[in-house]
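>>> coords please:
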Amino acid sequence: GDRLLLVHQDDLRHNPEAVYGRITSFLGARPFPTGTRFTRENTVRGERSGLCRDPKLVAALQARLEPEYAAIEAVTLARGESPPEALRLRRTRCDRLDEAIGKTPEFV
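Numbering: from 1, shown residues only. Here you go, the predicted structure:
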């Protein structure tokens, strides 16, 4: 309904200004001042658990989470929005090796 705003992490990572603008608009709050810098906080780069080294485990986890992926995609489509590519392709952090090894720049 109108009380739900879905935000995908890729949208936040790639265009934080627009996402935070959508959030403030959705909440009826004032927009952030021009020039506000959105930075990533509390992030840990690199390998965290060893999960990505086990493709069978990653595939099993993706299969287990498929109903959730499908539900989020359906809600996104029902709201007239296009699901993010990462969601459509069921990409995980394991697919973003550049970030996993710490080469993705912080938000500006």
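>>> Output the below-cut-off pLDDT ranges for the protein.
Residue ranges of the chain with pLDDT under 70: 1, 42-44, 46-47, 97-108.
>>> Could you point out the longest helix of it?
Secondary structure assigned by DSSP state H gives helix 55-78 as the longest helix of the chain.
>>> Run through who's touching it.
Surrounding helix 55-78, the residues in contact under the criterion Cβ atoms under 8 Å, 6 or more residues apart in numbering are Leu4, Leu6, Leu51, Cys52, Ser82, Pro83, Leu87, Arg88, Arg90, Thr92, Cys94. Every residue, glycine included, has its C-beta placed from N, CA and C.
>>> Any idea how many residues pack against the residue nearest to the first one when sequence neighbours are not counted?
Using Cβ to Cβ, 6 or more residues apart in numbering and skipping residues adjacent in sequence, the residue nearest Leu4 is Val75, 7.3 Å away. Val75 is flanked by 13 other residues according to other Cβ atoms under 10 Å.
>>> got it, and His8?
As a burial measure, His8 scores 17 neighbours (other Cβ under 10 Å).
>>> what's near enough to touch the spatially closest residue to it that is not a sequence neighbour?
Distances taken as Cβ to Cβ, 6+ apart place Pro84 nearest to His8, at 4.3 Å, with adjacent residues excluded. Pro84 sits next to His8, Asp10, Asp11 when contact means Cβ under 8 Å, 6+ apart.
>>> Noted, bye for now.
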